[in-house]
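**Student:** Whatever this is, show me its structure:
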Amino acid sequence: MIELTRAAYDDIVYRAYKGGEAEICGVLAGEHGTDGDNSVVTETYAAENVAETPEIRYLIDPEEQFELIETVEEAGLDVVGFYHSHPTGPTHPSETDAARATWPNHSYVICALDGYPFVGSWRWRDNEEAFEQETVSVRSER
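**Tutor:** Prediction:
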């Protein structure tokens, strides 16, 4: 399961809308569960999508990704996973998403904008070389 604070969830959805026809992307930070199954996202770190075809792909520049990961760690947080949008597609990972997944037991959150915005999440299981859908919950903030 992945739990997002309301602010983190809203940031992903709003950024996806602002991205228009291009996929947006970034890093998810918070507490990565010790069991590899339950995580809490408290912060999102936006990255520039440098893919050649940002309408159908996302790519975080490796140098920017390294800098974002350092920023997350300096803040005392864990990298929980990554997020991107599918402006015209479903919330499930594409074949390209699966081929590029490299962080075992980390979450890959996808915000689909085809109709009503929906956020789905999948955890990459390296031993199975496949994504496993996980429950997404939004923490109500008081």
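
**Student:** if you take the average position of this structure, which residue is closest to it?
**Tutor:** Central residue of the chain (Cα atoms, centre = their mean): residue 83, 1.7 Å from the mean position.

**Student:** Send me the helix or strand hosting it as PDB with only the CA atoms.
**Tutor:** For residue 83, the element it lies in under DSSP states H and E is strand 78-86. Only the C-alpha atoms of strand 78-86 are listed here, as PDB (Å, rounded to 0.1, in the frame of the first residue of the first chain):
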ATOM      1  CA  ASP A  78      13.500   8.100   2.000                       C
ATOM      2  CA  VAL A  79      13.000   7.800  -1.800                       C
ATOM      3  CA  VAL A  80       9.600   6.000  -1.900                       C
ATOM      4  CA  GLY A  81       9.400   5.900  -5.700                       C
ATOM      5  CA  PHE A  82       8.600   8.000  -8.800                       C
ATOM      6  CA  TYR A  83       5.600   9.500 -10.400                       C
ATOM      7  CA  HIS A  84       4.500  10.500 -13.900                       C
ATOM      8  CA  SER A  85       1.400  11.200 -15.800                       C
ATOM      9  CA  HIS A  86      -0.500   9.600 -18.700                       C
END
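
**Student:** Report the buried residues of the helix or strand following it.
**Tutor:** Once the chain leaves strand 78-86, the next helix or strand it forms, by DSSP H and E, is helix 95-100. Across helix 95-100, burial judged by 16 or more other Cβ atoms under 10 Å covers residue 97. C-beta coordinates here come from the backbone N, C-alpha and C atoms, glycine included.
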